[in-house]
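1. with the input below, show me the fold.
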Amino acid sequence: MLKKSRSVKSATCTLTFALPSTALDGPVSVVGTFNDWTPGVHPLRRRSNGTASTSVVVPAGSTVRFRYLGTDGRWFDDADADEITPEGSVVLA
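-> Numbers count the residues shown, from 1 in each chain. Model (predicted):
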């Protein structure tokens, strides 16, 4: 699940990346243009509602490219992204 929350006042968009906890077989982080594709900076944390999630704040109107990085270097995309390309998921903030 990918959630967008825009703030007109600050001209930003909070992107919340969430996956079902049951789908995780170990640590997962979201990496992308917002963190220079650096693994481990935005790990998904398990929540009491049965998901694992993290959020990032980006400028409103920006194009964000990202992928999830799981155990053993397994990369995967988010089906809820605005677009999935060979380079990964894309969301318009």
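
2. tell me the contacts of Gly70?
-> Applying CB atoms under 8 Å, 6 or more residues apart in numbering to Gly70 gives the contacts Leu24, Asp25, Gly26, Pro27, Val28, Phe76. C-beta here means a position set from N, CA and C on the backbone, and glycine is covered the same way.

3. go with 6 Å
-> Gly70 is in contact with Val28, counting by CB atoms under 6 Å, 6 or more residues apart in numbering.

4. most centrally placed residue in the chain?
-> Against the mean C-alpha coordinate of the chain, by CA atoms, centre = their mean, the closest residue is Phe17 at 3.9 Å.

5. so where's the protein uncertain?
-> Applying pLDDT under 70 to the predicted model, the chain contains no residue that meets it.

6. and the strands in this structure, which stretches?
-> Secondary structure of the chain, counting by DSSP state E: strands at 2-7, 12-20, 29-32, 45-46, 51-59, 63-69, 75-76, 83-85, 88-92.

7. ok, back up a step: count the neighbours of the nearest residue to the residue nearest to the centre of the chain once chain neighbours are set aside for me.
-> Leaving aside its chain neighbours, Phe17 sits nearest to Val30 (4.6 Å; criterion: CB to CB, 6 or more residues apart in numbering). By other CB atoms under 10 Å, the residues close to Val30 number 26.

8. you'd agree Leu69 is up against Trp37?
-> No: the pair formed by Leu69 and Trp37 falls short of the contact definition of CB atoms under 6 Å, at 9.3 Å.

9. in terms of neighbours, single out the busier of the two.
-> Comparing Leu69 with Trp37 by neighbour count (other CB under 10 Å), the higher total belongs to Leu69, at 20 against 14.
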